[in-house]
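Trainee: next come a sequence and a model predicted from it.
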There are 2 protein chains.
Amino acid sequence: MAMYTIGQFSRITGLSIKTIRLYHEKGLLRPALVDEFTNYRYFNDHNVDTARAIAYLRELQFPLAEVQEILSEFREDTEVLPFFEKQQKLIQARINQLNQAATSLDGVIRREKEVLTMLRQLESDIREKEIGDQTIIGVRWKGKYSETGKWIGQAARQSGRSIRGAPFNLYYDCEYKEEDADIESCFPVSGLTEKHHQKARVLPGGRCLSLIHKGPYEQIGLSYQRLFEYLQKKGYRAQTPSREIYLKGPGIIFRGNPKNYLTEIQIMIAPQNGGQDERQDGRQD
Amino acid sequence: MAMYTIGQFSRITGLSIKTIRLYHEKGLLRPALVDEFTNYRYFNDHNVDTARAIAYLRELQFPLAEVQEILSEFREDTEVLPFFEKQQKLIQARINQLNQAATSLDGVIRREKEVLTMLRQLESDIREKEIGDQTIIGVRWKGKYSETGKWIGQAARQSGRSIRGAPFNLYYDCEYKEEDADIESCFPVSGLTEKHHQKARVLPGGRCLSLIHKGPYEQIGLSYQRLFEYLQKKGYRAQTPSREIYLKGPGIIFRGNPKNYLTEIQIMIAPQNGGQDERQDGRQD
DNA sequence: CTATGGTCTCCCCCAAGGGGAGAGTCAAGT
DNA sequence: ACTTGACTCTCCCCTTGGGGGAGACCATAG
């Protein structure tokens, strides 16, 4: 019967010497012989089998204590079935937890990347553009502008994992109101589950004026002023609700510097004249 | 500005007192005030924000050291993007590892459950039954019966994650040979990838005699003898190759007790005479 | 003034090993 | 027989993210 020193045994089994000694100490792997004078460990082929079994169970993420229990109390694979099933549940739970983290990370990364490309191609000028229809979930409320954060949070909870872009507000008032403004806080969504589906609706696209406001929200009045001037100069007719998209605001981790906040203001333009498809107002809910 | 004792702060943030002290010690969470005489910690609302950020990053599985680095060196979410991306890769790796374990566990559980049902409905009697076509991957070899283990391992490696049942041998010799037997060691497979596809082939089904042999392989000769007697009595003609299905042999963890090994022997029966579809018996089990 | 409950620091514990120090051992070459 | 270099031994400390508990202060209400 071949006997191996711990180094040879380590090379055979792929376990580190430290690990082998640990398994010995914990009673998982008893060397075939321990020299009673030198304390040198010597292993045989049966030990190799045991080591392989341990390595296999460790791959299956069993804790050492459980490995020992299995190895010491059973002699047949079938008897270990309950352990396997317990372990399977445990691993599924861990996978779910990690998947949740991965999903969150994914969302964060996507959002921050969008912000970065936004920042790069930023020109703080009024543009006319076409925007498409969007499926959204929103929360309608009345109050002061500064309460927006709370309601965005509300909308985020309603949308759960379906959020597909930056939050925005819809302003249903035609004019600026300090108090008691009529606002809907929304998220664009997609891939909704059944029960979320009824809370969502489609926000129609169309032609709009767009201006990206850079800086704190307190100064957003100036950007609105520029937009209204432009509207008047071109003779366009504005449609409510107007939209304020919070491309970059207080972050998830940091509040950030308000000087770098980015908010896109979109004012939908009513079709010019005559056209029978004259929608004055997108209210549907 | 509201100030909270550590207990209140713990209730607000959901972090345990121990955890808060740890974060303080590691420099992640500096209390707004530490009484210089009593060493009591007092926290304010800004601390609540920080604690929330820490909890969020911990949910994303960031280690504390990284959380501290992020919190101490950055002020904007976008700057943290590289950390997020690194973390995403790390989490994916962990998920992959766990998924591998889960897949292995799944296979083991399925196999052992099959063995258990086998054991329950075991009657060690000769039966005639129809078996269906099977897609298999096999390794053909010549040598001694006892080398089977090695070649089954070979076949397992070839089949990878597509294995769908117990391993078996095909015996191409008409008679029992001690040495230099002509054998193919196989696994039933399904869900093959492209590159595995060409190694697989279909093993045709048909009518066969089946006997489940219980006990060590060394005694399998007796079971063969019973089968051959039955064949002769019925006047059936046997077809090669015959099959030996290792329902329960040495396990993955334990070698197990050879007295409990289960091996199903299947001998295909050649169609009787003339009639190309002559079923004599409705048994289909 | 005391009782009760909060809080402090300090120390030990978990899992699954890794790193290294200092001492002892083995086998081969000289 | 001696040396040398490679192994191996035990013992201790370190990691992560906290948990448990001891013994000593602290705060506040009755």
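Mentor: In hand now; what should we look at?
Trainee: residues near whichever residue of the stretch 151-285 of chain A sits closest to DNA strand D, how many?
Mentor: Residue of the stretch 151-285 of chain A nearest DNA strand D, by Cβ to the nearest atom of the strand: A:Ile253 (16.2 Å). All C-beta spots, glycine's among them, are computed from the backbone N, C-alpha and C. As a burial measure, A:Ile253 scores 26 neighbours (other Cβ atoms under 10 Å in any protein chain shown).
Trainee: my read: it touches B:Ile54, true?
Mentor: No. If you go by Cβ atoms under 8 Å, A:Ile253 and B:Ile54 don't touch, sitting 9.2 Å apart.
Trainee: shared neighbours, the two?
Mentor: Common contacts of A:Ile253 and B:Ile54, defined by Cβ atoms under 8 Å, 6 or more residues apart in numbering or on different chains, comprise B:Leu71.
Trainee: thinking again about what came up before, helix, strand, or coil at the residue of the stretch 151-285 of chain A closest to DNA strand D?
Mentor: Under DSSP: H, G, I helix; E, B strand; the rest coil, A:Ile253 falls in the coil class.
Trainee: what helix or strand is the nearest residue to it once chain neighbours are set aside on?
Mentor: Using Cβ to Cβ, 6 or more residues apart in numbering or on different chains and skipping residues adjacent in sequence, the residue nearest A:Ile253 is B:Ala53, 4.6 Å away. Using DSSP states H and E, B:Ala53 falls within helix B:45-59.
Trainee: CA-only coordinates of that helix in CSV, if you can.
Mentor: Only the C-alpha atoms of helix B:45-59 are listed here, as CSV (Å, rounded to 0.1, in the frame of the first residue of the first chain):
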residue,chain,number,x,y,z
ASP,B,45,-29.4,63.4,10.0
HIS,B,46,-26.3,63.6,7.8
ASN,B,47,-25.1,60.4,9.5
VAL,B,48,-28.4,58.8,8.6
ASP,B,49,-27.8,59.6,4.9
THR,B,50,-24.3,58.1,5.2
ALA,B,51,-25.6,55.0,6.9
ARG,B,52,-28.2,54.6,4.2
ALA,B,53,-25.5,54.8,1.5
ILE,B,54,-23.4,52.2,3.4
ALA,B,55,-26.3,49.9,3.7
TYR,B,56,-27.0,50.3,0.0
LEU,B,57,-23.4,49.5,-1.0
ARG,B,58,-23.4,46.5,1.4
GLU,B,59,-26.5,45.2,-0.3
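Trainee: pull out the buried residues from it.
Mentor: B:47, B:50-54, B:57-58 (16 or more other Cβ atoms under 10 Å in any protein chain shown).
Trainee: using a markdown table, lay out those residues together with pLDDT.
Mentor: Converted to a markdown table, those look like this (pLDDT from 0 to 100):
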| residue | pLDDT |
| --- | --- |
| B:Asn47 | 97 |
| B:Thr50 | 96 |
| B:Ala51 | 97 |
| B:Arg52 | 96 |
| B:Ala53 | 96 |
| B:Ile54 | 97 |
| B:Leu57 | 97 |
| B:Arg58 | 97 |
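Trainee: nearest to A:Asn39, of those?
Mentor: B:Arg58 (43.7 Å; Cβ to Cβ).
Trainee: ok, for the closest one, nearest residue in space, not its chain neighbours?
Mentor: Excluding the flanking residues, the one nearest B:Arg58 by Cβ to Cβ, 6+ apart is B:Val67, at 6.8 Å.
Trainee: tell me the secondary structure for the one you found?
Mentor: B:Val67 is classified as helix under three-state DSSP.
Trainee: wait, isn't it in contact with B:Glu59?
Mentor: No. B:Val67 is beyond contact range of B:Glu59, at 10.9 Å (criterion: Cβ under 8 Å).
Trainee: residues of chain A that sit close to DNA strand D?
Mentor: A:5-8, A:10, A:17, A:21, A:38-41 (Cβ under 7 Å from any atom of the strand).
Trainee: go with 6 Å
Mentor: Within chain A, the positions near DNA strand D by Cβ under 6 Å from any atom of the strand are A:5-7, A:21, A:39-41.
Trainee: would you mind listing which of those are buried?
Mentor: A:6, A:21, A:41.
Trainee: what about those residues, which are in helices?
Mentor: When DSSP state H is applied, these are split such that A:6, A:21 fall in helices.
Trainee: so can I have TSV of the buried ones among the residues of chain A next to DNA strand D showing distance to B:Pro188 and pLDDT?
Mentor: Output for those, formatted as TSV (distance: Cβ to Cβ, whole Å; pLDDT from 0 to 100):
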residue	distance to B:Pro188	pLDDT
A:Ile6	41	98
A:Arg21	42	98
A:Arg41	42	98
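Trainee: tell me the one of the buried ones among the residues of chain A next to DNA strand D nearest DNA strand C?
Mentor: A:Arg21 (8.9 Å).
Trainee: name the SS class of the closest residue to DNA strand D within the stretch 101-250 of chain A, please.
Mentor: When scored by Cβ to the nearest atom of the strand, the stretch 101-250 of chain A has A:Ala101 as its residue closest to DNA strand D, at 12.8 Å. For A:Ala101, the assignment made with three-state DSSP gives helix.
Trainee: that concludes my questions; thank you for your assistance.
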